[in-house]
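Novice: predicted model and sequence follow; I will ask about them next.
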Amino acid sequence: MTLSGGPSGACGRGVERPPHPRAKAGAGTALRTARPRPRRWALALAGATLAGGAAVVDPAGPGGLSDAGLRLATGAGRALAAVLPARATQPLPTGPRALGPGARSLAGLQALLAPSGGRVLRFDVGSAQGPPWPLLHGDPAAPAAAAFRREQGLDAIASQGGLVALLALNRWVHDRWEYGLPSRTLHTARAPDILAAAAAGERFFCAHSAYVLAQAGWSLGYGARVLRLEAPDGRVHAAAELWCPSLGRWVYLDPTFARHFVLPGAPERPLAALELQEARRARRAVLEVRAGEAPRPAAAADLDLFWRLRVCRRDDFLLRSYPRWHPLYFGNLWQGLWPDLDPDSDWTVGEVACTVRALGPRRLELDLATYTPGFQRFEARQDGGPWHPAPARLAWRLRRGTNRLALRAVGSFGRAGRPARLEVEVP
């Protein structure tokens, strides 16, 4: 089978040269299928895969990777990951993750207030659950990231912030090159290398677009992840998701087509990949929104790509590079292939989770936790006042009447996540 987990992989099954995505109005035209390659080169390609550090097939190569070869390459990748030091692979601090005992729900907080006659009016808190497997983070404040932002003018492109910034980045990546297979294999996932080759006239396909978009968003302090999409008929595609702090959600963005998806009647709420997967399963209507075009019904062939989702375990491509034989080269063979992304393995960014304990009739104590790459601090706002830095263990003194408390996590560049909000009434 042919895999396109790294930038050398092709969009679609096999390596047939796809047309430009703007060539036809029909969705899915760039995802044509080709006859699978023969498997007689299994061992040779397993060795080539190991040498390249990714489960991919060179577009100019003669064969595909067999199941046996795939197991060999994956096992060798795991062995190398165990014995070879990975340079600077310590993850970026994400904030405190552990919570102490206490109430974690509206009902639990109501039980704490019941003896004093208090009442919970609102308990809207987030999650501190990160990915269930190791994920290598890079620091957007690093000099290499700053140089990338400056050279590409990303601060100006994303100057409006929020969802508008994410859509602008998606369109910017889409316009960088003409879609197609490269004339030569570019063994890199680093956005500066891809963009430099594109400026010299090179063409690229979906995987390159996904890597560049993820690195552009990440360099601006947004949570970012590269996705591999698989259809039941064997077609594959690559895209990215960026975390939108103002919406408190992942936004699926496809820079190959400069598009995102929404539900009818909700144009301001772009869907995440898992939501598109569920919409496909439930056969719900979905609208495709391409930059500069009116929304239109999403094609069934495009929604079929959300049949299976995989996620890359790295977002540090801009800062760290490895030899081609290293299992972290593209992240594909590090502890196996890309893991599945499903509701159980999904995670949020920049939210605040908390537990609440009663210290007295009108005094509560909160433990705060978050999953915020580049975490800087917690902030709290009481009764609509200004935001102030807050410790991870916070005392909340209640007064008679309505008490309101908002909590948020602040990450790279002072980018704040979606606030958690608690509201209680004390007689």
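Specialist: Yes, it's here.
Novice: flag the shaky bits of the stretch 51-200 of the chain, pLDDT-wise.
Specialist: For the stretch 51-200 of the chain, applying pLDDT under 70 flags the ranges 51-91, 185-187.
Novice: hmm, 80 instead?
Specialist: By pLDDT under 80, the low-scoring segments of the stretch 51-200 of the chain are 51-93, 134-136, 181-188.
Novice: for it, just list every one of the helices.
Specialist: Here the stretch 51-200 of the chain has its helices, by DSSP state H, counting those that start in this stretch, at 67-83, 106-113, 143-152, 154-157, 162-174, 191-199.
Novice: next one: the stretch 201-350 of the chain
Specialist: Here the stretch 201-350 of the chain has its helices, by DSSP H, counting those that start in this stretch, at 206-219, 273-282, 300-303.
Novice: can you lay out those as CSV showing mean pLDDT, mean neighbour count and distance to Pro192?
Specialist: Any C-beta I mention is one placed from the backbone N, CA and C, and that applies to glycine too. Output for the helices of the stretch 201-350 of the chain, formatted as CSV (pLDDT from 0 to 100; neighbours: other Cβ atoms under 10 Å; distance: least, Cβ to Cβ, whole Å):
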stretch, mean pLDDT, mean neighbour count, distance to Pro192
helix 206-219, 93, 30, 9
helix 273-282, 97, 18, 26
helix 300-303, 96, 18, 30
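Novice: Throw those into JSON lines and include distance to Arg404, thanks.
Specialist: Below are those laid out as JSON lines (distance: least, Cβ to Cβ, whole Å):
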{"stretch": "helix 206-219", "distance to Arg404": "32"}
{"stretch": "helix 273-282", "distance to Arg404": "31"}
{"stretch": "helix 300-303", "distance to Arg404": "42"}
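Novice: out of those, which comes closest to Val349?
Specialist: For Val349, the closest of those is helix 206-219, at 11.1 Å, according to Cβ to Cβ.
Novice: how far off centre is that closest one?
Specialist: Helix 206-219 sits 10 Å away from the centroid of its parent chain (Cα atoms, centre = their mean, to the nearest Å).
Novice: now stretch 301-315
Specialist: For stretch 301-315, the distance to the chain centre is 11 Å (Cα atoms, centre = their mean).
Novice: what residues of it count as buried?
Specialist: The neighbour-count check on stretch 301-315 (16 or more other Cβ atoms under 10 Å) flags 302-306, 309-315 as buried.
Novice: how close does Val125 sit to Ala369?
Specialist: According to Cβ to Cβ, to the nearest Å, Val125 stands 10 Å off from Ala369.
Novice: list residues touching both of the two?
Specialist: The contact sets of Val125 and Ala369 overlap at 352-354 (Cβ atoms under 8 Å, 6 or more residues apart in numbering).
Novice: and these, which is closest to Leu341?
Specialist: Set against Leu341, the nearest of the shared contacts of Val125 and Ala369 by Cβ to Cβ is Ala353 (21.0 Å).
Novice: ok, that closest one touching Thr370?
Specialist: Yes: under the criterion of Cβ atoms under 8 Å, Ala353 makes contact with Thr370 at 6.9 Å.
Novice: which of these two has more neighbours?
Specialist: The neighbour count for Ala353 versus Thr370, taken as other Cβ atoms under 10 Å, is higher for Thr370 (29 against 22).
Novice: what's across from the more buried one in the sheet?
Specialist: Assessed by DSSP bridges, Thr370 has beta-bridge partners Val352.
Novice: for it, give me the pLDDT.
Specialist: Predicted confidence (pLDDT) at Thr370: the value is 96.
Novice: likewise Val226?
Specialist: pLDDT for Val226: 93.
Novice: residue contacts, Gly350?
Specialist: Residues near Gly350 by Cβ under 8 Å, 6+ apart: 223, 243, 245, 248, 370-372, 408-409, 411, 415-418.
Novice: of these, which belong to strands?
Specialist: Here DSSP state E is the test, and those give 243, 370, 408-409 as lying in strands.
Novice: looking at those residues, which has the most residues close by?
Specialist: Comparing the ones in strands among the contacts of Gly350 by number of neighbours (other Cβ under 10 Å), Ala409 comes first, having 32 neighbours.
Novice: right, and it touches Arg97 too?
Specialist: No: with contact defined as Cβ under 8 Å, Ala409 and Arg97 do not form a contacting pair (11.6 Å).
Novice: joint contacts of these two?
Specialist: The contact sets of Ala409 and Arg97 overlap at Thr370 (Cβ under 8 Å, 6+ apart).
Novice: residue contacts, Leu195?
Specialist: Contacts for Leu195 (Cβ under 8 Å, 6+ apart) come out as 152, 176, 212.
Novice: how does it look with 7 Å?
Specialist: By Cβ atoms under 7 Å, 6 or more residues apart in numbering, Leu195 lies in contact with 176, 212.
Novice: against Asp155, how distant is it?
Specialist: For Leu195, the distance to Asp155 (Cβ to Cβ) stands at 16 Å.
Novice: out of the buried residues of stretch 301-315, list just those in strands.
Specialist: Residues of the buried residues of stretch 301-315 located in strands (DSSP E): 309-311.
Novice: now, among these, which is nearest to Ser159?
Specialist: Among those, and counting by Cβ to Cβ, the member closest to Ser159 is Val311, at 28.7 Å.
Novice: that older thread, a markdown table for the shared contacts of Val125 and Ala369, including distance to Pro427 and pLDDT?
Specialist: Putting those into a markdown table (distance: Cβ to Cβ, whole Å; pLDDT from 0 to 100) gives the following:
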| residue | distance to Pro427 | pLDDT |
| --- | --- | --- |
| Val352 | 28 | 96 |
| Ala353 | 28 | 95 |
| Cys354 | 24 | 95 |
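Novice: which of these lies closest to Val424?
Specialist: With Cβ to Cβ as the yardstick, the closest approach to Val424 among the shared contacts of Val125 and Ala369 comes from Cys354, at 13.2 Å.
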